[in-house]
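# show me how the following folds:
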Amino acid sequence: MILEFSGSLWFWKGPSPFHFVTVPDDESAELQEVAAALTYGWGMIPVTAQIGETEWTTSLFPKDGGYIVPVKDLVRRAEALSVDDTVMVRLVVGT
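Numbers count the residues shown, from 1 in each chain. Just a heads-up that it's a prediction; the model follows:
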C-alpha cells in the first residue's frame, strides 16, 4: 500500500522529544483496515517514508484514533524543515 498526503510538521517535547507529521483521517482509516496484519506491537506500523528527496524507514505511531509519522533530525536537516512547515509525505506501508 502506498499513501501520499500533505501535513504540517509539529514538535512533541515529551521525555523523548521528536518531530511528527499527522496522517490525515482518510489515510488513517485506510491504515486501520490493514493494521492488524502489519503491526508488530503497540499498534506500530512499519513503513518506508519519504519527504522531498529523503527516504527513511520508520514506524507509524497510533495517536488519537489515527497515526503520526516520526520525522528524524536527519530528514529535517536534509530537507531544511522547520516546525509548522507543510510537507508532502509518501509512505510505503508494510516495508
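# what about Arg76, distance to Gly52?
Applying Cβ to Cβ, to the nearest Å, the value for Arg76 to Gly52 is 11 Å. Yep, even glycine has a C-beta here, placed from its N, CA and C like the rest.
# give me the more crowded residue out of the two.
Neighbour count, other Cβ atoms under 10 Å: between Arg76 and Gly52, Arg76 has more, with 18 against 14.
# contact partners for Gln50?
Trp56, Val89, Arg90, Leu91 (Cβ atoms under 8 Å, 6 or more residues apart in numbering).
# 10 Å instead?
Counting by Cβ atoms under 10 Å, 6 or more residues apart in numbering, Gln50 touches Glu4, Trp56, Val75, Met88, Val89, Arg90, Leu91, Val92.
# out of those, which one sits closest to Trp42?
Using Cβ to Cβ, Leu91 comes nearest to Trp42 of the contacts of Gln50, at 18.3 Å.
# bridging residues for the closest one?
Leu3, Ala49 (DSSP bridges).
# by contact count, what packs against the helix or strand of the chain with the lowest mean pLDDT?
Sorted by mean pLDDT, DSSP states H and E, the helices and strands of the chain end with helix 25-38, the least confident at a mean of 89. Packing contacts for helix 25-38, counted by 3 or more Cβ pairs under 10 Å, 6 or more residues apart in numbering; DSSP states H and E, involve strand 2-12, strand 45-51, strand 54-63, strand 66-71, strand 86-93.
# buried residues in it?
By 16 or more other Cβ atoms under 10 Å, the buried positions in helix 25-38 come out as Glu27, Ser28, Leu31, Ala35, Leu38.
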